[in-house]
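> requesting a structural model of the entry that follows:
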Amino acid sequence: MNLFNVWAIVAVLAAAASLLNRRILRLPATAGVLALALAGSGALLAADHLAPSWGLRAALADFLTRVDFGHALLGCLLCFLLFAGSLHLRLEDLRRETATLVALATFSVALSTALVGALSFVVFRSLGLDAPLPLCLVFGALISPTDPIAVLALLKELGAPRDLDALIAGESLFNDGAGVVAFLALAGAAGLRVPGAVPGSGGPAGPAWLLLRQVGGGLLVGCAAGWAAGRVLKGADQTWAALLITVAGAMAVYALCGALGYSGPLAVVAAGLASGDALRRGPLGPRAAECREGVRAFWGATEDLLNAALFLLLGLTASLASPVPRGLAAAAAIVPLVLAARWLTVLLPVGLLRRGRAGGGWVPILTWGGLRGALSVAMALSLPPIPQKGLLLSCTFAVVLFSVLVQGPTMPRLLRRHGIGGGRALDQRNPGRATDVTRGAPKA
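Now for the predicted structure:
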């Protein structure tokens, strides 16, 4: 089976799962596709148990090997998903939350990495599982960033104020880049041969330099490319030209950063924000408006298709995960620990930087809305074949499945509990005025 046939099957299954979810389950898109993938692969594995001569499990494992989930996400899909997500964000919304966003994407990720790493080390030791502290810190780095793929897909279906929406989406877009860099730095310090890591970079200087180089280089390349693309897009009034610029720009930035050893995710986010801002500030007139609408429609459809494919593959990959002895107990203990670390690392920056401006429910909303997803799984799968890989994969899958299947579907209820939802919310800067948050315009 060639690569085209493999991805044709993925596309058909993803489309079928999306339609079934929309017609029957009616869950958030990511949760519905993931649940159907788990159910379908579970049925297939049950049939394999009843009729082992059919070789269904081996066929599924061979299919997933050809897809190579981790490489497909980190090497290709992440580029388009991050660009699509950042293209729709407004720079003016992010500027109002600059301090909080920076704190969540740096301080919170670092603190969560340390907390989760230390707590998981204690849990593993108490269960008699051998996992050294450096490896636990690597696990803390891969599980700490919220996944923009899961978060952005959820936010498209929720009615939240623009400032809250911008904070959640902006955090997920930026802290995933910081999380990938921290993961590579700590993996290199632990001597793990992970693609992009620098083995043997022990001591604080090695990881710190890698962090600075990847973040600074990625943001520099992304901002430069975004500025250049923006200059061209401001005058664009033809859809095909704008689409070529955005697609080529996203791919070129991601590939260039990969070659230079910079952070591709951060570069693509910066380029997407600049490109989206340039499109919104472009010329007036029917042709320009048609061009902007065409670009939005294309990237929106691309995002939906890739999300469905990604969470389908995530569900199929999770179904084949073989738990290690005492691994399920460790995974069950890790889930609340990750949530507790998330709560603490949100409480500190939001409580200090947004004092008097954030509603009382922002900390629980940001905590519960900090979904983990395919990015954490891809990083865990990229680990070399060390004895603890099965344990870390079990814990990663547990956190991700709980996040997508429990936290995601219950987010609307949490928003309604705090007076937010249904596409309308009170403007916190003017409590007497209702705002249509799907358009950001005052309602009479």
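
> against Arg213, how distant is Asn307?
Distance of Asn307 to Arg213, computed by Cβ to Cβ, to the nearest Å: 31 Å. (Each C-beta comes from the backbone N, C-alpha and C, glycine too.)

> point to the residue nearest the middle of this structure.
The centroid of the chain falls nearest to Asp147 when counting by Cα atoms, centre = their mean (2.2 Å).

> can you name the residues that contact the residue lying closest to Gly235 once chain neighbours are set aside?
Once flanking residues are discounted, Gly235 sits nearest to Pro283: 6.6 Å by Cβ to Cβ, 6 or more residues apart in numbering. By Cβ atoms under 8 Å, 6 or more residues apart in numbering, the contact list for Pro283 reads Lys234, Gly235, Asp237.

> doesn't Ala289 make contact with the last one?
When you say that, I think you mean Asp237. No: distance between Asp237 and Ala289: 9.0 Å, which falls outside the contact criterion (Cβ atoms under 8 Å).

> okay, the residue nearest to the centre of the chain and Ser53: tell me how far apart.
39 Å.

> same thing with Thr98?
As judged by Cβ to Cβ, Thr98 and Ser53 stand 61 Å apart.

> when those two are compared, which one has more neighbours?
Taking neighbours as other Cβ atoms under 10 Å, Thr98 and Ser53 compare with Thr98 leading, 11 against 6.

> backbone dihedrals for that one, please?
phi -60, psi -50 (degrees, to the nearest 10).

> between the contacts of Pro283, identify the one with the most neighbours.
Asp237 (17 neighbours).

> give the helix, strand or coil label for that one.
coil (DSSP: H, G, I helix; E, B strand; the rest coil).

> residues touching it, list them.
Counting by Cβ under 8 Å, 6+ apart, Asp237 has contacts Gly282, Pro283, Gly285, Arg287, Ala288, Cys291.

> and what of Val350?
By Cβ under 8 Å, 6+ apart, the neighbours of Val350 are Thr100, Leu104, Ala358, Trp362, Val363, Leu366.

> mind putting those residues into TSV with neighbour count, secondary structure and distance to Leu34?
What follows is the contacts of Val350, written out as TSV (neighbours: other Cβ atoms under 10 Å; DSSP: H, G, I helix; E, B strand; the rest coil; distance: Cβ to Cβ, whole Å):
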residue	neighbour count	secondary structure	distance to Leu34
Thr100	24	helix	30
Leu104	30	helix	25
Ala358	19	coil	31
Trp362	25	helix	27
Val363	18	helix	27
Leu366	25	helix	22
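
> mind checking which of Asn307 and Arg213 has more residues around it?
Asn307 (25 against 17).

> for the more buried one, grab phi and psi.
The phi/psi pair for Asn307 (degrees, to the nearest 10) is phi -60, psi -50.

> which residue of this protein sits farthest from its center?
Outermost residue of the chain (Cα atoms, centre = their mean): Ser53, 38.8 Å.

> per-residue pLDDT, that residue?
Ser53 is assigned 89 on the pLDDT scale.

> helix, strand or coil for it?
helix.

> distance of it from Ala43?
In terms of Cβ to Cβ, Ser53 sits 18 Å off from Ala43.

> equivalent analysis for Leu371, please.
From Leu371 to Ala43 the distance is 26 Å (Cβ to Cβ).

> ok, these two, which is more surrounded?
Leu371 (28 against 12).

> shouldn't the more buried one be within a strand?
No: read with three-state DSSP, Leu371 is coil and lies in no strand.

> pull the contacting residues for it.
Thr146, Asp147, Ala150, Val151, Leu154, Ser172, Ser403, Val404, Gln407, Gly408.

> skip the chain neighbours and tell me the closest residue to the third one.
By that I understand Ala150. That would be Gly373: by Cβ to Cβ, 6+ apart, it lies 3.4 Å from Ala150.

> and the one you found, how far from Ile420?
Gly373 is 23 Å from Ile420, by Cβ to Cβ.

> which one's more surrounded, those two?
Set Gly373 next to Ile420 and count neighbours by other Cβ under 10 Å: Gly373 wins out with 31 against 22.

> Thr100 against Leu352, yeah?
No: if you go by Cβ under 8 Å, Thr100 and Leu352 don't touch, sitting 9.2 Å apart.

> for Glu290, phi and psi?
Torsion angles, degrees, to the nearest 10, at Glu290: phi -60, psi -40.

> check what pLDDT the residue lying closest to it once chain neighbours are set aside gets.
In space, and not counting its chain neighbours, Glu290 is closest to Thr239: 6.6 Å by Cβ to Cβ, 6+ apart. Thr239 carries a pLDDT score of 87 in this model.

> and Ala182, by the same measure?
So Ala182 comes in at 85 (pLDDT).

> need the contact list for it.
Val109, Ala110, Thr113, Ala141, Ser144, Pro207, Leu211.

> among those residues, which lie within strands?
If you go by DSSP state E, the contacts of Ala182 have nothing in strands.

> ok, so of those, who is nearest Arg125?
Nearest to Arg125 among the contacts of Ala182: Thr113, at 18.5 Å, using Cβ to Cβ.

> the closest one: how many residues sit nearby?
For Thr113, using other Cβ under 10 Å, the count is 27.

> and the one 4 residues further on, by the same measure?
The burial metric for Gly117, expressed as a neighbour count using other Cβ under 10 Å, is 22.

> surely it is in contact with Pro132?
No: Gly117 is beyond contact range of Pro132, at 10.6 Å (criterion: Cβ under 8 Å).

> for Ala271, which three-state class applies?
Quick answer, by three-state DSSP: Ala271 is helix.

> show me the contacts for Ser120.
Counted by Cβ under 8 Å, 6+ apart, Ser120 has contacts Ala131, Cys136, Phe139, Gly140, Ala330, Ile334, Leu337, Cys395.

> pLDDT value on it, please?
At Ser120, pLDDT is 96.

> please apply the same query to His71.
At His71, the model reports a pLDDT of 85.

> equivalent analysis for Arg193, please.
Predicted confidence (pLDDT) for Arg193: 81.

> please name the nearest non-neighbouring residue to it.
Using Cβ to Cβ, 6+ apart, the closest residue to Arg193 is Pro384 (5.0 Å).

> in terms of helices and strands, where is the one you found?
Assigned by DSSP states H and E, Pro384 belongs to neither a helix nor a strand.

> how about the backbone phi and psi for it?
Given degrees, to the nearest 10, the pair of backbone angles that Pro384 has is phi -70, psi 170.

> check contacts around it.
With Cβ under 8 Å, 6+ apart, Pro384 has these contacts: Leu192, Arg193, Val194.

> was I right about the last one contacting Leu184?
Yes: counting by Cβ under 8 Å, a contact exists between Val194 and Leu184, whose distance comes to 6.5 Å.

> these two - which one has more neighbours?
Leu184 (27 against 18).

> before we move on, the earlier item: quick check: the residue nearest to Ala150 vs Leu34, distance?
9 Å.
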